[in-house]
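> Sequence first, then the predicted structure:
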Amino acid sequence: MDKTMAQKPILLIRPPLRFLANRNRAAIDLPVGLLYISSILEREGYKVRLIDGVMPPDDYNQIHSSENYFGITFEYMEEMLSGVDFDISGISAQYTVQFPNVIRMAELLKRINPNCKILIGGAHATIQHREIITENVCFDVAIRGEGERTVINVVNAIQGIGSLQEIKGITYRDNGQIIETDPAEFIIDMDNIPFPAYHLVDMERYFGLAKKYASRTAYTFSGWERGVSLITSRGCPYHCSFCSINLHMGRRWRYHSPEYVLNHMEHLMREYSVKYFHFEDDNLTANPKRFEKILDGIIARRCDIRWDTPNGVRADTLSLDLLKKCAQTGCTSLTLGAESGVQRVLDDVICKNTKIEDIEKVASLAQKTKVNTRAFYVIGTPGETAIEINSTVTHAIKMIKEYDCFGSIGIATPLYGTRVYENAIRNGYLIKEMTSENIARGYNISGMLKTDEFDPDFLSNVLEDFYKKLSRLLKWIFLRHICTNSRLFFYCVKSFFTVPISQWGSIYYKIIFSHHALLWDIEHDKN
Ligand code: B12
Ligand code: SF4
């Protein structure tokens, strides 16, 4: 069957996003998962229509970023859908915190076209597949884990080629019964996956909106406005208690070859003038040799780019040589998954399987090789004592003072399926309902768990205290940088006369958090 001729387009949708009313940064980013699903469907001969609810179309001039809403309204979505003829739709449900809009989206689709089949995929759908299919009749099939192989089988089955019960990795309703098939095997031959179908979205509008609202980079390094998130591997063999990645992408680390990654980057540079890459892998450096080959390829192919690792990398995989190559290839910052400043917590509570010495060593080497570093910490994991929580804050401050490694501290949130969640339920630590609002506040405002050692108020106070200390510390770091580096001093003076006052804040923070990357720009005459 020639599927492009015979079929209506398969409609793929990312619903609009909601954020807390007081949150001042939304995030504009490509719907990476759906772009992969699109490209595989197209390769199999299906027509695809991708609607990104976060990205308004050209003629839409009102973006709702003000209060707690980002993207197009459901009213407008309905208008857009009125002309689309579809029988099968797929919605992505990446985050638990965003799930209410996913349901609204599915209800809207069923209202417009009661006979359509709605597939749901993504991390949240994978972890909560049973609950989703049981509680929401608007969803027909949940696709668990990575979707490339499964979606083709499901779409074929809906059209009469094969049957759902033979397909691994799905959950669906059959005559009122919930059927959960065996888990699908993870994709090992990752290079067989086509590049995401970037041609289905208007990349220029993503760059434009990222520049206007918020991009993945907080600072304006050369090329920052043309940034793209890249995933070069999937899965993670570690068992951190707060992380749900293995439920969704598995414990086996699977990866694209360096050639594939470099070709992907060059494709983006050539077709869309991409200049900045955010490597978003869960474990980008799991195989340091592979990572090194990617960096060598960037040098050999003379890629004029900047890049960072905003999702965090493991410190125990980074050597001096690798860090030198990071600096050489335009790295603006490496974020380290430090998690705690207490070894017992790392070992027994979070189970990260890293050593604090490794984190300190890498931060110190990075400083010497002129790579800016950040670190993620998490406090409030059950099992942690109040003293240990305070020690993590002390450690985060020490990392800033000694190594310019800037930590951000989050509160442990009980993501469904994680050991933190299971433990919280078993022991009655969860004191707030798992609503979107509570989860969103839970990450960085007040937490959702209470043990004998801490409660949400305690954690909020710890955070408040940390940020007060940090803001005092930052002033000193700023002064230290401009007093010890003449190029930064002159950059600062020049900016004072040439840059509008509204941008001084950004320059202040750039000098503090990213002085190496800034100096790189100055040296390369890009600032
Ligand atoms: C990059 C990233 C971000 C970026 C997003 C960039 C982007 N363009 O999407 C940013 C910074 C915005 C982000 C933010 C957050 N993130 Co995040 N993020 C990720 C990360 C690391 C990669 C996402 C990605 O691109 N994956 C690669 C693609 C290929 O995978 P995928 O999206 O899952 O898609 C595949 C399948 O799921 C499936 N699929 C997906 N959709 C669909 C739809 C259909 C119809 C079908 C058939 C299949 C299908 O097929 C795809 C191809 O195989 C994931 C972890 C991960 N590895 O996925 C966490 C992850 C998604 N994030 C997570 C979380 C918790 C968050 C935050 C809540 C963190 C916070 N503290 O604030 C926020 C939420 C932001 C919000 N909008 O509200 C959790 C979600 C778990 C959950 N149950 O909620 C994850 C799984 C990480 C984890 N540790 O567990 N994140
Ligand atoms: S936090 Fe990082 S290292 Fe730990 S399991 Fe998740 S992805 Fe792996």
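Yes, it's here. Numbers count the residues shown, from 1 in each chain. Ligands and ions are numbered 1, 2, ... in the order given.
> Could you use CA atoms for every contact and neighbour count after this?
Noted.
> is the one helix or strand Leu336 maps to up against ligand 1 anywhere?
Element membership for Leu336 (DSSP states H and E) is strand 331-339. No - using CA under 6 Å from any ligand atom, strand 331-339 never reaches ligand 1; the gap is at least 11.5 Å.
> can you list the residues of the stretch 301-450 of the chain near ligand 1?
Asn311, Leu415, Tyr443.
> ugh, wrong one, I meant the chain
27, 29-34, 36-37, 90-92, 94-98, 119-124, 143, 145-148, 151, 229, 231, 243-245, 280-282, 311, 415, 443.
> List the ones among these that fall in helices.
Judged by DSSP state H, the subset of the residues of the chain next to ligand 1 located in helices is Val32, Gly33, Leu34, Tyr36, Ile37, Ala123, His124, Glu148, Val151, Ile245, Tyr443.
> Quick check: the two most widely separated of the residues you listed?
Across those, the longest distance by CA to CA is 32.1 Å; it joins Val151 and Tyr443.
> closest to Leu365 among the residues of the stretch 301-450 of the chain next to ligand 1?
Nearest to Leu365 among these, with distances taken as CA to CA, is Asn311, at 20.2 Å.
> my guess is the closest one contacts Leu334, does it?
No - under the criterion of CA atoms under 8 Å, Asn311 is not in contact with Leu334, lying 9.1 Å apart.
> out of the two, which sits in the busier spot?
Counted by other CA atoms under 10 Å, Asn311 and Leu334 do not tie: Leu334 has more neighbours, with 26 against 18.
> Give me the local confidence score for that one.
Note on Leu334: pLDDT of 96.
> Quickly list what it is bridged to.
Thr309, Thr373 (DSSP bridges).
> my guess is it contacts Arg306, does it?
No - in this structure Leu334 lies outside contact range of Arg306 using CA under 8 Å: 11.8 Å.
> Quick one: name whatever helix or strand follows the least confident helix or strand in the chain by mean pLDDT.
Ranked by mean pLDDT, DSSP states H and E, the weakest helix or strand in the chain is helix 3-6, scoring a mean of 50. Scanning forward in sequence from helix 3-6 by DSSP H and E, the next helix or strand is strand 10-14.
> Show me which residues of that following strand are buried.
Within strand 10-14, the residues scored as buried using 16 or more other CA atoms under 10 Å are Ile10, Leu11, Leu12, Ile13, Arg14.
> Quick check: the third one touching Val48?
Yes - taking contact to mean CA under 8 Å, the distance of 7.2 Å between Leu12 and Val48 places them in contact.
> Which residues are in contact with the residue in the stretch 401-527 of the chain that ligand 2 sits nearest to?
Relative to ligand 2, the nearest point of the stretch 401-527 of the chain is Thr418 (10.0 Å; CA to the nearest ligand atom). By CA atoms under 8 Å, 6 or more residues apart in numbering, the contact set of Thr418 is Ser241, Phe242, Cys243, Ser244.
> what would those residues look like in TSV with pLDDT and neighbour count?
Shown next, in TSV, are these (pLDDT from 0 to 100; neighbours: other CA atoms under 10 Å):
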residue	pLDDT	neighbour count
Ser241	97	24
Phe242	96	22
Cys243	95	20
Ser244	94	21
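> Looking at the residues you listed, which is nearest ligand 2?
Of all these, Cys243 has the smallest distance to ligand 2: 4.6 Å, by CA to the nearest ligand atom.
> For that closest one, which non-adjacent residue is closest in space?
The shortest distance from Cys243 to any residue other than its chain neighbours is 6.0 Å, reached at Thr418 (CA to CA, 6 or more residues apart in numbering).
> now do His516
The shortest distance from His516 to any non-neighbouring residue, by CA to CA, 6+ apart, is to Lys370 (5.5 Å).
> Let's see the distance spanning stretch 310-329 from one end to the other.
End-to-end span of stretch 310-329 (CA to CA, to the nearest Å): 16 Å.
> Please name every helix or strand in contact with the biggest helix by length in the chain.
Criterion DSSP H: the longest helix present in the chain is helix 456-484. Under the contact criterion of 3 or more CA pairs under 8 Å, 6 or more residues apart in numbering; DSSP states H and E, helix 456-484 touches helix 386-403, helix 486-498, helix 504-513.
> Let me have these in CSV, extended by distance to Leu519.
Listed next are the helices and strands packed on helix 456-484 as CSV, based on distance: least, CA to CA, whole Å:
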stretch, distance to Leu519
helix 386-403, 17
helix 486-498, 7
helix 504-513, 9
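> which stretch among those helices comes nearest Ala214?
Taking the helices and strands packed on helix 456-484 one by one with CA to CA, helix 504-513 is closest: 13.1 Å.
> Pull the residues that contact the closest one.
So helix 504-513 is contacted by 219, 372, 404, 406, 474, 477-478, 481, 488, 492, 495-496, 518 (CA under 8 Å, 6+ apart).
> make it 10 Å
Residues from elsewhere that reach helix 504-513 (CA atoms under 10 Å, 6 or more residues apart in numbering): 218-221, 332-333, 372-374, 400, 404-406, 474-482, 488-489, 491-492, 495-496, 499, 514-519.
> distance between that helix and the chain's centre?
Per CA atoms, centre = their mean, to the nearest Å, the displacement of helix 504-513 from the mean C-alpha position of its chain is 24 Å.
> what comes up buried for that helix?
So for helix 504-513, counting by 16+ other CA under 10 Å, buried means Ile507, Tyr509, Lys510, Ile511, Ile512, Phe513.
> which non-adjacent residue is nearest the residue in the stretch 351-500 of the chain positioned nearest to ligand 1?
Residue nearest to ligand 1 within the stretch 351-500 of the chain: Tyr443 (5.2 Å; CA to the nearest ligand atom). Leaving aside its chain neighbours, Tyr443 sits nearest to Ile411 (5.0 Å; criterion: CA to CA, 6+ apart).
> Could you tell me how many residues sit around the one you found?
When counting by other CA under 10 Å, one arrives at 23 neighbours for Ile411.
> Distance-wise, check it relative to Glu339.
10 Å.
> what's the overlap in contacts for these two?
Tyr377, Val378, Ile379.
> For Ala142, see how far away the first one is.
To Ala142, Tyr377 is 33 Å away according to CA to CA.
> Can you pick out the residue with more neighbours from those two?
Legend: neighbour count by other CA under 10 Å for Tyr377 and Ala142, higher for Ala142 (28 against 20).
> What residues are recorded as beta-bridge partners of the more buried one?
Bridge pairing for Ala142 - DSSP bridges - gives Ile120, Thr171.
> got a list of what it touches?
Shown in contact with Ala142 (CA under 10 Å, 6+ apart): 90-91, 118-122, 125-126, 128-130, 132-133, 151, 154, 169-173, 180.
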